[in-house]
Structure formats: structure tokens, C-alpha cells
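Visitor: need coordinates for the below:
(chains A and B)
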Protein chains: 2
Amino acid sequence: MPRRIRNAQLSTLALDPASHTPLHQQLFLGLRQAILDGRLKPNTQLASSRSLATELNISRNTVLTAYDQLTAEGYLESRIGSGSYVSSHLPDDLLERKSIGHAEQVPKRDVYLSKMAAPYKDIPLKQTYRGLPFSPGLPALEEFPFEDWARLLARNWRAPKREFLVDNSIGGSAVLREAIATHLGQTRAVRCDPDQVIVLSGSQQAIHLVVRAFAEPGDSIWMEEPGYPGIRDAIISAGASPVPVPVDDEGFRLDLAQSLAPDARLVCISPSHQYPLGQTMSLARRLDLLEWAKTEGKFILEDDYDSEYRYAGRPLSSLQGLDEDNRVLYVGTMSKVMFSGLRVGYMVVPKDLVDVFLALRRDIDSHSPAVPEAALADFISEGYLAAHIRRMRLLYEDRQDCLVTLLKQKLPDLIEVEPQESGMHLVAFLDPLIPDKRVEKAAIEQGMLVRALSGFYNGATHQNGLILGFAGTSETVMPQLVDRLDIIIRTLTK
Amino acid sequence: MPRRIRNAQLSTLALDPASHTPLHQQLFLGLRQAILDGRLKPNTQLASSRSLATELNISRNTVLTAYDQLTAEGYLESRIGSGSYVSSHLPDDLLERKSIGHAEQVPKRDVYLSKMAAPYKDIPLKQTYRGLPFSPGLPALEEFPFEDWARLLARNWRAPKREFLVDNSIGGSAVLREAIATHLGQTRAVRCDPDQVIVLSGSQQAIHLVVRAFAEPGDSIWMEEPGYPGIRDAIISAGASPVPVPVDDEGFRLDLAQSLAPDARLVCISPSHQYPLGQTMSLARRLDLLEWAKTEGKFILEDDYDSEYRYAGRPLSSLQGLDEDNRVLYVGTMSKVMFSGLRVGYMVVPKDLVDVFLALRRDIDSHSPAVPEAALADFISEGYLAAHIRRMRLLYEDRQDCLVTLLKQKLPDLIEVEPQESGMHLVAFLDPLIPDKRVEKAAIEQGMLVRALSGFYNGATHQNGLILGFAGTSETVMPQLVDRLDIIIRTLTK
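Guide: Down below sits the predicted model:
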């Protein structure tokens, strides 16, 4: 004989009218919990919806909705003429399970993960500090024309083209690819048709795709020493081996590269503005590297991350524009000329590799949203971007001058620094006895991100220094920040 | 004795004042081209800036700018007191190169690609037709409140928080993770804290990450037969083997799965609404599968792609909410309740795997843009999403009724169709003798996407049918579309 549900059982149904969870859902979850932990046993007859509603002071519809859902999911069964019963067919293991409430901590356990994923288990993610003063790639966020940008976006969202809402092209919307191709042709002498431009969610994605396209696990890939850690990370995460190749005043040393790893599958360089040291790769070296790629059938990743800001002379042309054998994968980003939170980067690839890269990109995230791309195309083609870059070039030049002057005034005995001809950061060389990584660590505690130069080396180095981004740091706060840096360094050299 | 530049040489410098490319850049490219193809030889003295400016009828500054850039890049050298000369140090191979103009077609060539990339070479990308009527996941785009959405976006963009412009969390901004966790808790009985939610650029990215996290190349992964092709694609692109496991009225058959591939690393299922057939996985089967995962230490990908729309009964709860051993990776998307061009999907993962998935995601594209995420969080928490879903549920119910009625009226002898209790598409079963893939092909030519059911099977099947999305197709056009479909099918059965 089934038992009637008792008021005592209902008292555990703590319904909260103020909660965002609807009452019927609270009731559903409460009753399900009572069934799962055995307080309501199989064949128990539930109170009628009317009496339970009265009991709980809620509407009868609320109770009916909860009962319906419990029935639909198999926890209750209706018997004609006599109401709802806890299902007699509930599997035993369902009834033995412990309380299902909020998410719980997972007990320590072994999880079988793929070789790719396993290294990430139990290693906490590194914290990033890219918004702090002196962060190398940080632009002057407060100077960005957000009103204009918000207006262009709203204009494009208010009446979006139907095709922008469904299937954007994997490589980005045609208007943006066209705008980027024109922009790159005019400012970087990149030679490409719009369909060679692939818009991505950042330059890191481009690096990821290029590395995966050309390298098997175990393959060697040349990178600059010192060089961009994002390149090293991408190579390692693909299971390939980064081969650090020293740079000198003319840039990447192909001769050393060939002796270090003659069979490298790919080379990753920043020829216009070496990262982080800042020199420009000489024409002779560029031609040698292009010749190597042509002869060996290899490819070159050109990371052109911040060439838009040049304070002395004209921006140098891209390596891509010199390449007559379609060996260059050109990578650029909107993170420096706009801001990294936009999440737009792009690559320009040889025509015969476009479909390969589109297919690889589709595998990892289909495509980017088309409407913001249309707004970005407007931002570029209506001249907002060029105007913003012109304004920022003047501002960043002033900021660099200010920072160099302050450093020379206050730390002439500790730091060797000269203004850079281009970019958004400068390199302050330190005495080899000053531990730059300890400076970096102490500076973060003081609210600044001054990256240790030695951290950009794969191997051990005596080349100590600090990478100081000047673009995102206003002149009004620079004096006190340099004072703090002064104290940090003097404390560490004592 | 160097030769003076001659007017004849300049005549090839076709400067176009109407072009978007600045004149100095046109002059730079023209002169560089003349040097590269040998019309201007090493040691040739160039015309003075003044005379060239007069000759070309442009400002002297324009000429100086172009000369400066050519000098900076090593094509020219200045000799004090006698002007600019074509560099005497240009490498021979530079001078032998052919014309550098616009992007050219790449001659057919062998390119060494990784094993992952090589299969994509020379296979053109499949065209997609997801915007066409009857496309399965297509929502009613014209009904979306774009005015509200544009306003929320503009509001968030006009004065964005600084941290939204630099480093968004890899898993998405806190406000959106919180909004999604609450939404899933209320509507799907998903149990999670906001930090278990990882916001991605679509559910396909979630599937990609889960497959990569658990499977090595060669590993077996169970999927439903018939099942979602996006799952099959993700498994194959990871080099793993999809093992199709038949579904019946109660959903995925664990017993068959265990005999087909007892060592499968992962199972991918759609328990709430099997894709594409539409049945709900029974409670008993759910518990068996959870027990299997617990006993074997394996994981379950739950693809909960369109549970928001239910026309009969209440939405069924998620498998994730029943899982007491943290074995479920829950995957959802905004593509169905908003539109796929938004590019927002998400996954909910056990606490001890959050960092692994964040690290894997960072490798492929760092993170999503934070400001649109904040606008989306507003869209959810201010009730716009729930209101839109409510409106669409009524609209889609009507659309389904209309389509079912039309199909039953016009093709009663050819098609067997019943309304679905939930979702955005229905299944019209065809006689096994009617070739559904040929219907699909002919329908595309007539501007409709009716997917062949047999195309969702990995293996051969006699189960012919058509998957008809009703959500994105208005009742006013349905009669003529069904007429066209009628003619297509009758023509093919003759």
C-alpha cells in the first residue's frame, strides 16, 4: 500500500520566492532530490497538486508543471484516477546516489588525457598582466575613439545583412578582407588579393595554424633568439622543437640556423621590427632567407606585429612583398593599432595554400562573427583607423621621449637606453649582474609590467635588460613609475 | 660615370592621383620595381627630388618621402653632395627577380605539409547553405530583436571597462559565465559554478577541444548513428576513429557500443534531443552510461544543442545534472536561441579539468572579445533572451504545424512525418527507394536545404528521409516550397 507524502518530507522543500530560479523549477529539483536520496521511495504516492499547492502556498499550476517534468523525466508515474507516484521502475543505482546539489569540488583523481592535454593537468595557468603600465604591446586605450566604434557597430547590427547572421566565410567577410588587403598594400607593400587574407581571432591563432600546417611532432622550427614567447608556446604545444637562432644587428642569422638544425621545417621571424630587440632585418639577409625557402621548399612566418608606428624614417616594407616564390605566411594583428580585446588578427597566405588554412581554421572554430567584421571594415575604409594611427604615432613618440629622458636622468648608472625608431616598447639594457627577472617580479608587485629581457631567450643568457612599453603609459604617471623602478633596481643591486 | 635617370624610364611610373594608394607609396613601388627588374641599374643616379617633382607634377615632399623609404630599405644610397644612387650593394639575385606587381597565381607545386594539413590540399572546401529555407538549425533571423542587441552592444562599447580591452579571461568574462551558469541551472538543471563555464567561439570549438583532450590519433570514439556530422569531422580531424553506434527509441545503445569498441576513450551523444532523429535518451540508459563512465574512468560529451524549444511537456533536464562523478562535458550554443553568426558557444566541465581546457583553448585562440560578452550577459540577465525564446517557441510551434499539415496534405503517399515534441527540425521518412541524397541536391538547386537523412549515417543505410528545419522558414513561403519539394521527389521516383 503506497504511503501518502508527509508534511515532514515537504519541509525540506525550501522554496525561495526571491530566487531567480522559478518556483516550479525549485519544486522539481527539490522533489527530484528527495527521490534521489531516498526520502521519497518508489511507489510513494505524492500529495495531490491542489493540496501541495495549499501546503506550500503556491499556485496549483506551479505544482502541476513540476509534476509534469518529473513525469516526463521518468521520476514519477501517473496512475489513472489516483494521482502521481514515485516511479516503481527507478534503477537501484539511481536510488543509491548521494545528494545532487550544487557543483562540488572534485576529489583528487587520475584522468586519462591525451599527450597534448596531459602536460596542462595540475599546472595552474600563468596569470597575465597585460593591462599594467609598461606592458610592451599595450596601446593608449583611453585614446581610442570608442564613440565612433560603438556607432559603427550599432549601425551594422541594427539591420544586419542576412548572410552575416548565418555562415560567414571561414576566412572572414569579403568587405573586411578587401579593406585589410588594401591597407596592407598601401602601408606594408604586401602583395595580395583579398581572398588571400584570412581573418582570425588574433595573431596567436595564425601562428598556431602555421605551425600545425607545416610541422609534425618532433620537427625543428627556427625562431629568433631572443624571440616572441607566443611563437615558442605554439611550437611546443604542437609537439615540435623550437630551435632558437641568435639575431644580430642585421636580424636573423641564416648561417647559424643552418648549422643548428639544417632540416628545420619552418622559420618564424619578425623582420620589420625584431621582437623584442627592435632591429630591422637587412635587405641582404631577407633575400638570403627567401632564397633558402625557395631552394629548400620551406616556408617563412613573417610576424609583422607593430610596424604601423615608426618615428624615424618610413615604415619598412614587408618581407612578403619581396617574395616572388610564394614562401611567406604574413601575420598581422589589430591588437596594437586598436586593442587586443578586439580579438582580430589576420594572415596573408599564398594562393595555393588558402584552402588548406581555411580547412584547418574551420576545424578549430569555424569562423569569426561577420557583423563586427563589417563594422571593422567601415572603421578602416572610412579612415578612422588611419586617423587613429596618425594621432597615436605622435602621442607614442612623445611618450617614448618622456620615458627615455626620465630613465637617463634617474638611472644613468644602471641602465643603457636609446629611443627606438619604431614600435611601442624600448629596451633598457641592464648590467649583467642585475637580475632582470627579479626586477620584473618586484615591479609586478608595484603595479608595473617591465618584462625581463632574459625571459625572451630560450637558453641561458647574460643579456639582462627590461622591455618597457611606453605606448600605453601616460606621461603624467611616468615620473613616479620610474622612481619606483629606480628603487626596485637599487634595492636588488645592493 | 653614373647615368642620370631619364624621362623615358619615368614614363613607366604611372602615378594615379585618384588611387587610394598615396602618391609617395606609388612612387616608391614604381621606383622599386624599376630597380628590381633592372631598368634602374646599380650606381644609377636618380633625378633630384626637385626635378622629378616638376617632371611628375607632384610635390617635392612626395618625392623625398619615396626616396627616404627606398634609402631606408637599402635600394638607394645617398652620396653626400651628389644625391641619390641606386645602391651598388644590391645582391645579384635581387636584380634577377622578375616583376613584382600584383599577387599572381601560384604555379602548381608540391608543398610539404603536416599529416594534419596534407589531406586538405587540393580538396576544395564544401560550400554551405545554412541560410536557405528548411536548413535544420536556422532560427527565425528576421524576428531577432536587433535594435535591442545593437543598443546593448553600443552601451557596453561606449565606455568599456579597461580590463575588457586587454586580457579577457580565457574562459570568458565573469559576467557572462555567471549569466550562463544561472541560465543553465534554471532551464537545464545543469549543476555548475560560473568558473566551470568556458565561453568559446561556437560549440564546434568545444567538440574540437574535448576530442583533442581525451583522444590520441588512432583512438576510438563512440558517436551516435545517425549523428551530427560536426562530431564526426572533429574526431577525424584529430586523427581518431569515429565508431558509429546505432540509436533506438531510448537513444544511445551502450551494449552495442561496448561490443563494437570496448576501449573507446570518449562518447559523444545528444541525450535530450537526438540529432537528427529527435528521441530523448531514457533515464535508464542515462544512468547506465554514467555508470560506464564512472567504472571505466571515461568521459561523456553531452551535446545539448537545441533543448530550449519544447512544444509538448517540459524541457528535459541535462545528463550533466545527473552526473555525480564529474564525467560529463556539457556543450551548448547560442546559435539556435540567437543566431550562429554571433559565434558564441560554451562548455561546462568538471572543476578539475577547467585549467586543462583553458590551456588547450589558449593554444588555439587565446580568448573571446570581452565587450560583446558583457553585452550578451546583459541580454541574458535583463531578460531579453528568455523573452525571445518564449516568442520563438510559439512561432516555431506554428511553423511546425504548418509544415506538417502541408506535407501530409501534399505528399501523403511519399512521406511519413509526425510533429516533433521539441527542437527546430523534423524528420520526414521516405520510402527506401527514393534516393534522399538526390532530393537534397535537387532541392539546393531550387533554393532549399533539405538534408538527406542517410547523409547522417557513417555507414550504408536504407533509412532514407529528409531533415526539414521549420524554425527559419516563414509560413507564407512554405506552401510553394513544399510544392517544389513535391515535384522534385515525384520526378525522382518516376
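Visitor: surely A:Leu56 and A:Pro17 touch.
Guide: No: in this structure, A:Leu56 is not within contact of A:Pro17 by CB atoms under 8 Å, at 10.5 Å. Bear in mind the C-beta positions are built from the backbone N, C-alpha and C, glycine included.
Visitor: more neighbours: which of those two?
Guide: A:Leu56 (17 against 8; other CB atoms under 10 Å in any protein chain shown).
Visitor: what comes up buried for the top strand by length along chain A?
Guide: The longest strand of chain A (DSSP state E) is strand A:241-248. Neighbour counts over strand A:241-248 (16 or more other CB atoms under 10 Å in any protein chain shown) mark A:242-245, A:247 as buried.
Visitor: mind putting those in TSV, distance to A:Val211 included?
Guide: Below are the buried residues of strand A:241-248 laid out as TSV (distance: CB to CB, whole Å):
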residue	distance to A:Val211
A:Pro242	10
A:Val243	13
A:Pro244	15
A:Val245	16
A:Val247	20
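Visitor: need the residues of the stretch 201-350 of chain A near chain B, please.
Guide: Residues of the stretch 201-350 of chain A lying close to chain B (CB under 8 Å from any CB of the partner chain) are A:201-202, A:204-205, A:208, A:212-216, A:233-234, A:237, A:265, A:282-284, A:287-288, A:291, A:297-298, A:313-317, A:321-322, A:324, A:326, A:339-343, A:350.
Visitor: A:Val267 belongs to a helix?
Guide: No: going by DSSP: H, G, I helix; E, B strand; the rest coil, the assignment for A:Val267 is strand, not a helix.
Visitor: these two touch, right, it and A:Asp303?
Guide: No: using CB under 8 Å as the test, A:Val267 is too far from A:Asp303 to be in contact (10.9 Å).
Visitor: more neighbours: these two, which one.
Guide: Counted by other CB under 10 Å, A:Val267 and A:Asp303 do not tie: A:Asp303 has more neighbours, with 28 against 23.
Visitor: how about the nearest residue to the more buried one, chain neighbours excluded?
Guide: Nearest non-adjacent residue to A:Asp303, counting by CB to CB, 6 or more residues apart in numbering or on different chains: A:Ser270, 4.6 Å away.
Visitor: ok, the one you found touching A:Gly230?
Guide: No: A:Ser270 is not in contact with A:Gly230 according to CB under 8 Å; the separation is 11.0 Å.
Visitor: more neighbours: which of these two?
Guide: A:Ser270 (30 against 18).
Visitor: what's downstream of the longest helix seen in chain A, the next helix or strand?
Guide: What stands out as the longest helix in chain A, according to DSSP state H, is helix A:384-410. Counting by DSSP states H and E, the element after helix A:384-410 in chain order, helix or strand, is strand A:415-417.
Visitor: so where do the helices sit in the stretch 351-494 of chain A?
Guide: In the stretch 351-494 of chain A, the segments counted as helices under DSSP state H, counting those that start in this stretch are A:354-365, A:370-381, A:384-410, A:436-445, A:478-493.
Visitor: that older thread, residues contacting the longest strand of chain A, please?
Guide: Under the criterion CB atoms under 8 Å, 6 or more residues apart in numbering or on different chains, residues A:218-227, A:231-232, A:235-236, A:252-253, A:256-257, A:260-261, A:264, A:274, A:277, A:279, A:457-459 lie in contact with strand A:241-248.
Visitor: name every strand pairing with that strand and say which way it goes.
Guide: strand A:220-225 (parallel), strand A:251-252 (antiparallel) (DSSP bridges).
Visitor: mind giving me the packing neighbours of the next helix or strand after the first one?
Guide: Just to be clear, that refers to strand A:220-225. On the C-terminal side of strand A:220-225, the closest following helix or strand by DSSP H and E is helix A:229-237. With contacts defined as 3 or more CB pairs under 8 Å, 6 or more residues apart in numbering or on different chains; DSSP states H and E, helix A:229-237 has these neighbours: helix A:203-214, strand A:220-225, strand A:241-248, helix B:354-365.
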